[in-house]
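Colleague: below: sequence and its predicted model.
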Amino acid sequence: MIWRRKYIVAKGEKTSLRDEFRREISSPVWHFGLVHFGYKLFVCYPNRNLKPLFTGLVTQLDSLSIPFLSIESLPQEYLNFDIIVDAIFGFSFQGNRKPPFDNLIRSLASLREHYQDRKKSCFVVSVDIPSGWHVEEGDTTGEGIKPDMLVSLTAPKLCAKAFLGSYHFLGGRFVPPFIVQKYKLRLPPYTSTSMCVQIGKPPRTNLKARPENVEADPLVQFKKWLDDAAAAGLKEPKAVSLSTATKNGKPSSRIVLLKKFDRGGFVWCSNYGSRKGREISENPHASLLFYWNILNRQVRVEGFVQKVSNEESEEYFCTRPREIKIVPADSKTSTEISGREILHQQCKELEDKYPEGTMIPRPVN
């Protein structure tokens, strides 16, 4: 659910657990595990006090070196963040904002004004209900936060019907059966061990706007989409499915990594003796399929395949790290071996043959 690397949590005290439903199924739990995955987290907690909830939070933040930000610094700090998590008010909030939360919500609600001179704005995620909204009636004043994503807890609240953002998730799958029956909840199924599930209508592409947004040059358009995929945080945006076929038309597919592309075509690396290499040698027609799932985009490339020059292969091989050069020098792709230890032994022999500082020759295949 988090795609960019720097984000802020706007945190407030949960309002009193006034209804039976809330008492039976939930308690405010905060987890900052994303810090351990390389995300840079900041927290704004407007109403600081000595209550156990706050002192426990401070202990957590100190142990993870997560800093607090003041309300006064936020209008300037907004420009530094990719994601803002709105977790100011909880389930029972009725829309009556008091200081210091009123100014904070007003500032977050007018967030887009801070990004008028930027091509991209930050992504706003609201937890349970968007702050400033009435839990049942929604944004009755028109001054509440308008998030891009809503994460409902346990079950969507009535105000979620007014949510117009692109992404709606439900979190908290372990609801006691008697609670489900008592409140007649209709909860979606969760996949495997997932703790959240996407609900509501998926975001739609505005097809009418496509002629104005798509470049006439397909390579220019591909470059834009590839850059978007990298910016979205995909682990391997250049991963592509390569499909080949035998001379009799029997197809096969595998994932390779795109090395470069230009007017001359799309370039990837392959062992000439591999199955794909053999199939291309007898049937040089192939296709590539790029699929960037979180962007709902794919690009298909079809055409004739030919080897690049030895000079280009040598130039690329020289740019690879030493430990990566050992792999193709040792690998006999698409051949059977008796066990993994064979590969380890062959790599050890090559490392001994070409010690640190010596040149590893490019394999002819």
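Modeller: Everything's here; your move. This one's a predicted model, so the numbers in the text were calculated from it and none came from an experiment.
Colleague: in the stretch 151-300 of the chain, which spans are strands?
Modeller: Ranges of strands within the stretch 151-300 of the chain are 167-171, 196-199, 239-245, 251-262, 265-268, 285-292, 297-304, based on DSSP state E, counting those that start in this stretch.
Colleague: the first one - what's its average pLDDT?
Modeller: Taken as a whole, strand 167-171 has an average pLDDT of 90.
Colleague: also the fourth one?
Modeller: Along strand 251-262, the predicted local confidence has a mean pLDDT of 94.
Colleague: check the last one too.
Modeller: For strand 297-304, the mean per-residue pLDDT is 95.
Colleague: before we move on, back to that, which among the strands of the stretch 151-300 of the chain is found nearest to L57?
Modeller: Proximity to L57, assessed across these by Cβ to Cβ, is greatest for strand 167-171 (19.4 Å). From N, CA and C alone the C-beta is placed, and that goes for glycine too.
Colleague: packing partners for that closest one?
Modeller: Where contact means 3 or more Cβ pairs under 8 Å, 6 or more residues apart in numbering; DSSP states H and E, strand 167-171 is packed against strand 149-153, strand 196-199.
Colleague: deepest of those, which one?
Modeller: Burial of these is given as mean neighbour count (mean count of other Cβ atoms under 10 Å); strand 149-153 ranks first at a mean of 22.
Colleague: least reliable of the helices and strands packed on strand 167-171 going by mean pLDDT?
Modeller: Going by mean pLDDT, the lowest-scoring of the helices and strands packed on strand 167-171 is strand 196-199, which has a mean of 87.
Colleague: who touches that one?
Modeller: Applying Cβ atoms under 8 Å, 6 or more residues apart in numbering, the contact partners of strand 196-199 are 1, 151-152, 156, 167-171, 173, 188-191.
Colleague: let's go with 7 Å and repeat that
Modeller: For strand 196-199, contacts defined as Cβ atoms under 7 Å, 6 or more residues apart in numbering pick out Y167, H168, F169, L170, G171, P188, Y190, T191.
Colleague: if we can go back for a sec, format the strands of the stretch 151-300 of the chain as JSON lines; extra columns: distance to E315.
Modeller: As requested, the strands of the stretch 151-300 of the chain are arranged in JSON lines below (distance: least, Cβ to Cβ, whole Å):
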{"stretch": "strand 167-171", "distance to E315": "43"}
{"stretch": "strand 196-199", "distance to E315": "45"}
{"stretch": "strand 239-245", "distance to E315": "22"}
{"stretch": "strand 251-262", "distance to E315": "11"}
{"stretch": "strand 265-268", "distance to E315": "12"}
{"stretch": "strand 285-292", "distance to E315": "22"}
{"stretch": "strand 297-304", "distance to E315": "23"}
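Colleague: what's the closest of those strands to P147?
Modeller: strand 167-171 (9.1 Å).
Colleague: would JSON lines of the helices and strands packed on strand 167-171 with distance to I105 be doable?
Modeller: Below are these laid out as JSON lines (distance: least, Cβ to Cβ, whole Å):
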{"stretch": "strand 149-153", "distance to I105": "16"}
{"stretch": "strand 196-199", "distance to I105": "25"}
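Colleague: chain neighbours aside, what residue packs nearest to L69?
Modeller: C44 (4.8 Å; Cβ to Cβ, 6 or more residues apart in numbering).
Colleague: so that neighbour sits against Y78, correct?
Modeller: No. The pair C44 and Y78 does not pass the contact test of Cβ atoms under 7 Å, sitting 10.8 Å apart.
Colleague: quick check: what element follows the lowest-mean-pLDDT helix or strand in the chain along the chain?
Modeller: In the chain, no helix or strand scores lower on mean pLDDT, DSSP states H and E than helix 20-25, which sits at a mean of 35. Next along the chain after helix 20-25, taking DSSP states H and E as the criterion, comes strand 40-44.
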